[in-house]
Every structure is written in C-alpha cells, then in structure tokens.
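In: curious how this folds, go ahead:
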Amino acid sequence: MTFSAETRERAQEIIARYPAGRERSALLPLLHLVQSEDGYVTPQGVAFCAEALGITKAEVGAVATFYTMYKRRPTGDWLVSVCTNTVCGVQGGDKIYEASASGTTRPPGTSPSSTPNALPRATMRPSSR
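Out: The predicted structure is shown next:
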C-alpha cells in the first residue's frame with residue numbers, strides 16, 4: 001500500500017514534535033498512524049516508518065513486535081485480550097483464554113484472543129478487554 005500525501009504530511013508533523021537528533025522517538029506515534037490506515041502494521045507500514053525516520057525495517061519491526069498494542073496481522077472488528085499472567089492464570093485467566101481462543105464463546109467479527117502481559121485491574125481477578 002502506498003500511503004497518501006495526507007498520511008505522509010501527518011507523519012512529518014509527528015516527527016517535527018521531537019528535537020533534532022531525537023526523531024527516532026517518533027516511532028511509536030508513527031506505528032499508531034500506519035496501524036490506523038489498515039487496522040494493523042503492514043510490511044509497507046514498517047517500511048514507511050523506517051524510511052521516515054532513517055532507521056532499518058528490522059529496528060521498526062523489533063518495536064512493533066515488542067508491544068502488544070501493535071497488530072502484525074488483520075484483526076476482526078473486536079479483539080479479545082485476556083490477561084494470563086501468573087495471578088490471572090491462577091484465578092482462571094487461562095481457562096477464559098482457552099474458551100475465547102477456541103471460538104465457541106467468541107462473538108462473530110472478533111479476532112482470536114491475545115494475551116497481553118498485563119491488563120488494568122488484573123491483580124485481583126482475571127481481566128479482559
């Protein structure tokens with residue numbers, strides 16, 4: 001996908017927020033920008049960010065795969081995220097994840113579940129979003 005002139009302009013506005021020599025700090029907002037175009041971070045989005053910031057695609061990919069908020073493949077209208085860290089797992093989070101990942105409890109149009117490292121309020125009971 002080729003990004004529109006509007007997206008390229010928006011990317012330059014984002015980069016301009018950062019001091020000279022610190023443009024690389026714009027990577028997270030740029031990943032949000034390209035994800036908003038297609039619903040996930042495409043290989044073209046990775047290349048766009050790399051080119052805009054003068055870094056390698058590998059560096060962009062490393063960041064995009066580190067954070068669970070960036071999706072590397074298409075998702076449905078809804079994404080079910082279930083906390084499965086130790087506390088949540090002991091409280092039943094693993095069973096909730098298995099049920100939602102199987103598709104039997106998943107509403108139509110949702111993507112398979114993801115397992116973020118932690119979710120807010122997950123210290124007392126399993127949490128999902």
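
In: going by C-alpha atoms from here, please, whenever you check contacts or count neighbours.
Out: Will do.

In: contact partners for Val41?
Out: Counting by C-alpha atoms under 8 Å, 6 or more residues apart in numbering, Val41 touches 31, 34-35, 64, 70-73.

In: separate out the buried members of those residues.
Out: Among the contacts of Val41, those classed as buried by 16 or more other C-alpha atoms under 10 Å are 31, 34-35, 64, 70-72.

In: what about Cys49, how many residues nearby?
Out: Residues lying near Cys49 (other C-alpha atoms under 10 Å) number 27.

In: correction: the previous question concerned Ala62.
Out: 11.

In: is it within a helix or a strand, and which one?
Out: Ala62 is located in helix 57-66, with elements delineated by DSSP states H and E.

In: from Arg10, how far off is Arg17?
Out: Computed as C-alpha to C-alpha, to the nearest Å, the Arg17 to Arg10 distance reads 11 Å.

In: I meant Gly76, not that one.
Out: For Gly76, the distance to Arg10 equals 26 Å [C-alpha to C-alpha].

In: do the same with Tyr70
Out: Counting by C-alpha to C-alpha, the gap from Tyr70 to Arg10 is 19 Å.

In: repeat that for Val60.
Out: 18 Å.

In: between those two, tell me which one has more neighbours.
Out: Each of Val60 and Arg10 has its neighbours counted (other C-alpha under 10 Å); Val60 has more, 21 against 14.

In: report pLDDT for the residue lying farthest from the centre of the chain.
Out: Ranked by distance from the centre of the chain (C-alpha atoms, centre = their mean), the top residue is Ala20, with 26.9 Å. Listed pLDDT for Ala20 reads 93.

In: that one and Thr86, how far apart?
Out: Taking C-alpha to C-alpha, one finds Ala20 at 42 Å from Thr86.

In: now do Cys49
Out: 35 Å.

In: what's the answer for Gly39, then?
Out: For Gly39 relative to Thr86 (C-alpha to C-alpha), the value is 30 Å.
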